[in-house]
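Q: sequence plus predicted model, see below.
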Amino acid sequence: MTNKIKKHLAKDPVLKPLIAQIELKERPAQNSVYEALLRAINFQQLSGKAASTIHGRFLELFDDYYPDPYHLQQLTAEELRAVGLSRQKAAYVKNVADFFIENTLMEKDWEKETDEEILQLLTQIKGVGHWTVEMILMFTLHRPDVLPLDDLVIRNSMIGLYGVEAKGRALKKRLLEIAEPWRPYRTWASRYLWQFKDTII
């Protein structure tokens, strides 16, 4: 993270003390969009330890721990359930493999697509929601200006820090207004909000 980004975000008087106090943790490098989607599905609604165990067993089904989409297509629901995936998640990971093969996405140059285009494309996959694709944009594709307002930590942190009292549609409108000055670095502002929440738990 550059000093330019810090200086820009520190213009916000609420973010400024967070930036001064918090050293952002390094995020482990993510692999391809395809692999990151499979991992996100396997991690949904599970504790980190349990999710890591199940995802590790899932990868053991494949040569070199690479979940080749053609191999994944051939696996049965029973084989996927045997390593700990629910019936629903077994269907979802196969949906990802099918979608990437049918749309020839394995070698896609994602840099040519806008954030919105990627959101529109990948949320067509059953089992892949808006929040999941936002995480891919932020941590796999390293897009700098993503604001995941569906994330409860981000939403609640902003409500608390900025004293927001609005509800419903007015709430989203107000949060977007608060975050507008953060452009074009809303991803980085979000990371500060996540880590701030970690520091006060």
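A: Cool, the structure landed.

Q: report the central residue of this structure.
A: Nearest to the mean C-alpha position of the chain, by CA atoms, centre = their mean, lies Met135 at 1.4 Å.

Q: restricting to C-alpha, output whatever helix or strand that one lives in in PDB.
A: Using DSSP states H and E, Met135 sits in helix 130-139. C-alpha atoms of helix 130-139 as PDB (Å, rounded to 0.1, in the frame of the first residue of the first chain):
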ATOM      1  CA  HIS A 130     -22.600 -10.700  -5.300                       C
ATOM      2  CA  TRP A 131     -20.400 -10.700  -2.100                       C
ATOM      3  CA  THR A 132     -18.400 -13.700  -3.300                       C
ATOM      4  CA  VAL A 133     -17.500 -11.900  -6.500                       C
ATOM      5  CA  GLU A 134     -16.600  -8.700  -4.700                       C
ATOM      6  CA  MET A 135     -14.100 -10.800  -2.600                       C
ATOM      7  CA  ILE A 136     -12.600 -12.100  -5.800                       C
ATOM      8  CA  LEU A 137     -12.400  -8.600  -7.200                       C
ATOM      9  CA  MET A 138     -10.600  -7.400  -4.100                       C
ATOM     10  CA  PHE A 139      -8.300 -10.200  -3.200                       C
END
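
Q: give the next helix or strand downstream of it.
A: Defined by DSSP H and E, the subsequent element after helix 130-139 is helix 152-162.

Q: elements contacting the helix or strand immediately after that following helix in the chain?
A: Per DSSP H and E, the first helix or strand lying C-terminal to helix 152-162 is helix 168-179. Applying 3 or more CB pairs under 8 Å, 6 or more residues apart in numbering; DSSP states H and E, one finds that helix 168-179 contacts helix 152-162. Heads up, the C-betas are built off the backbone N, CA and C, glycines and all.
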